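**Student:** Sequence plus predicted model, see below.
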Amino acid sequence: MRRISSHPVLKLPEGRKKVVFLFNGEPAEGYEGEALSSALVALGKSSFSFHPKDGAPQGLFCANGQCSQCTVLIDGIPKKSCLTALVEGMDVRSLKGLATLPEVDEGLRQAERRALHTDILVIGGGPSGLSAACELGKMGFQVVVADDKERLGGKLVLQTHKFFGSEKDCYAGVRGIDIALKLEEKLKKLPTVTVLRNSPVVAIFKDRKAGIYKDYSSYLLVEFTALVVASGAREKTLLFPGNDLPGVFGAGAFQTLVNRDLVSASKRILIVGSGNVGLIAAYHALQAGMRVVGIVEIMGKINGYKVHADKIRRMGVPIPLIRRFSGPRAARPGRGGGGDGKSPLPRPGRQGGRSFQVYTGYHLELSGGYDIDRGRTGSVRRVPPPGPELRHSCHSRGGRRGNRRGFQRDVRRENRRPHPCPDAGEEAGIGSLLAVHQGGVEGEAGG
């Protein structure tokens with residue numbers, strides 16, 4: 001089981017009811033009402049579907065209903081598992097290829113037509129939508145807030161760290177999970193604001209009406225005078241071979257598993273991208289007891305706040321700045337691959353993967369792939385540094401090109417840091433690759 005049993009910030013839920021369901025014909029257990037995707041990950045089930053073109057396994061990526069990688073068959077109907085609450089007796093099966101919808105001869109049961117009139121409709125119950133509704137409600141407008149989740153706050157409910165900035169404007173010194181509660185309490189005091197939870201807006205009509213799928217069970221037509229769209233952002237993935245394999249998460253999915261559902265994404269993770277999202281995700285992983293192998297950045301500088309980076313480094317996480325990207329190459333013997341450095345990532349039935357090297361002051365070699373029998377495979381190991389000709393061509397930490405003396409001085413300074421990187425030749429497995437699209441990073445999957 002991958003349940004988080006202790007956390008320094010979050011309170012572990014009590015009194016949850018366990019339910020039994022079927023996954024691919026085998027009995028499994030989870031907690032009633034939790035996201036089905038989180039229940040599966042907690043059981044170690046990382047493959048949700050198999051790609052219709054080549055049969056490659058696909059895993060959880062966004063955990064927010066934006067993509068379709070977690071789609072499974074639930075009682076014969078294809079549904080996104082991250083948006084489906086677990087109930088007793090579910091028959092869940094992995095989706096292989098394209099789904100076939102069953103024939104339905106019955107009429108639509110949720111066709112009851114109900115209408116609601118309001119001054120302003122706010123789409124989205126995240127920090128922007130809640131703040132807008134609060135200000136409009138103070139001005140006396142009738143406001144309806146529609147959100148597709150049960151909990152209000154958007155990404156705030158995933159943030160366990162304390163925020164920076166102005167105490168007046170953005171609740172500096174308060175954790176994101178607490179900011180969401182504060183905003184929700186403000187709305188409760190405004191009689192002109194109505195909140196519709198679990199109610200996505202599915203259509204906007206030209207006569208200033210919106211169709212809302214209320215409680216995912218019935219339709220509601222809302223007539224409005226003005227519209228505020230605060231639906232949030234869609235998480236972007238990095239483009240590299242194997243980016244949809246199980247174990248490659250977006251930052252939002254990772255935080256959803258760890259901070260909302262208290263499910264450990266993996267024992268070890270590698271983070272790509274040193275922006276604030278990547279740095280804070282590393283901190284969240286360490287809070288939950290996971291090992292962060294490193295944070296890789298290709299831009300030559302750390303893009304997040306220095307205070308975040310310093311904290312992560314003090315906790316023993318290396319943040320390599322990639323000075324030379326040697327590209328994909330053949331995997332070492334015993335790890336598969338075509339041997340020519342150009343073969344694609346392995347697909348079901350094949351072992352191994354591809355690897356790349358980054359020069360960071362110490363040298364890291366990352367390799368990974370997917371084996372249908374063993375699941376994710378991957379490693380990170382420290383290898384001897386390159387020769388003087390490569391050192392001379394790299395950037396120094398201060399940005400001086402070709403300044404060999406300054407560069408070697410920076411290398412010595414970097415090597416004095418207490419990094420938990422394995423010694424030369426020693427390997428440490430990578431359980432997951434957390435791909436954070438911030439700072440223009442790119443690379444290969446680590447399994």
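**Tutor:** Yep, that arrived. Everything numeric in this text was worked out from a predicted model, so none of it was measured.

**Student:** My read is that residue 269 contacts residue 293, right?
**Tutor:** Yes - counting by CB atoms under 8 Å, residue 269 touches residue 293, with 6.8 Å between them. Where you see a C-beta, it was placed from the backbone N, CA and C, and this is true even at glycine.

**Student:** What separation is there between residue 301 and residue 239?
**Tutor:** 22 Å (CB to CB, to the nearest Å).

**Student:** Next: residue 279.
**Tutor:** Going from residue 279 to residue 239 by CB to CB gives 23 Å.

**Student:** try residue 277
**Tutor:** 18 Å.

**Student:** now residue 16
**Tutor:** Counting by CB to CB, the gap from residue 16 to residue 239 is 39 Å.

**Student:** who's more crowded, these two?
**Tutor:** Ranked by neighbour count (other CB atoms under 10 Å), residue 16 and residue 239 place residue 16 first, with 12 against 9.

**Student:** Number of residues surrounding the residue nearest to that one when sequence neighbours are not counted?
**Tutor:** Distance criterion CB to CB, 6 or more residues apart in numbering; nearest residue to residue 16, sequence neighbours excluded, is residue 31 at 4.4 Å. When neighbours are counted by other CB under 10 Å, residue 31 registers 18.

**Student:** for the closest residue to residue 284 other than its chain neighbours, helix, strand, or coil?
**Tutor:** Distance criterion CB to CB, 6+ apart; nearest residue to residue 284, sequence neighbours excluded, is residue 258 at 5.6 Å. State at residue 258, reduced to three classes by DSSP: H, G, I helix; E, B strand; the rest coil: helix.

**Student:** can you pull the pLDDT of residue 413?
**Tutor:** Listed pLDDT for residue 413 reads 39.

**Student:** whoops, I mixed them up, residue 147
**Tutor:** 94.

**Student:** same check, this time on residue 154
**Tutor:** In this model, residue 154 carries a pLDDT of 89.

**Student:** Phi first, then psi, for it.
**Tutor:** phi 60, psi -130 (degrees, to the nearest 10).

**Student:** shouldn't it be in contact with residue 252?
**Tutor:** No - using CB under 8 Å as the test, residue 154 is too far from residue 252 to be in contact (10.1 Å).

**Student:** one step back: what's near enough to touch the residue nearest to residue 284?
**Tutor:** Contact analysis of residue 258 by CB atoms under 8 Å, 6 or more residues apart in numbering lists 4, 264-265, 284-285, 288, 290.

**Student:** let's go with 10 Å and repeat that
**Tutor:** 4, 7, 10, 158, 160, 264-265, 281, 284-285, 287-290 (CB atoms under 10 Å, 6 or more residues apart in numbering).

**Student:** One more: residue 82?
**Tutor:** Contacts of residue 82 by CB under 10 Å, 6+ apart are 35-38, 40, 48, 60-67, 69-71, 253, 256-257.

**Student:** Tell me if it really is in a helix.
**Tutor:** Yes - the assignment for residue 82 (three-state DSSP) places it in a helix.

**Student:** Mind exporting the C-alpha coordinates of stretch 301-319 to CSV?
**Tutor:** This file holds the C-alpha atoms of stretch 301-319, laid out as CSV (Å, rounded to 0.1, in the frame of the first residue of the first chain):
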residue,chain,number,x,y,z
LYS,A,301,20.1,28.9,-13.7
ILE,A,302,17.5,28.1,-11.0
ASN,A,303,14.2,29.7,-12.0
GLY,A,304,12.5,29.6,-8.6
TYR,A,305,12.9,31.7,-5.5
LYS,A,306,16.4,31.4,-4.0
VAL,A,307,14.8,30.8,-0.6
HIS,A,308,13.0,27.7,-1.9
ALA,A,309,16.2,26.4,-3.6
ASP,A,310,18.3,26.9,-0.6
LYS,A,311,15.9,25.1,1.6
ILE,A,312,15.8,22.1,-0.8
ARG,A,313,19.6,22.0,-1.0
ARG,A,314,19.9,22.1,2.8
MET,A,315,17.6,19.0,2.9
GLY,A,316,20.1,17.2,0.7
VAL,A,317,18.5,17.4,-2.7
PRO,A,318,20.9,18.2,-5.6
ILE,A,319,19.8,20.7,-8.3
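
**Student:** pLDDT (mean, whole number) over that stretch?
**Tutor:** Here the average pLDDT along stretch 301-319 is 91.

**Student:** Before I go, just wanted to say thanks for your time.
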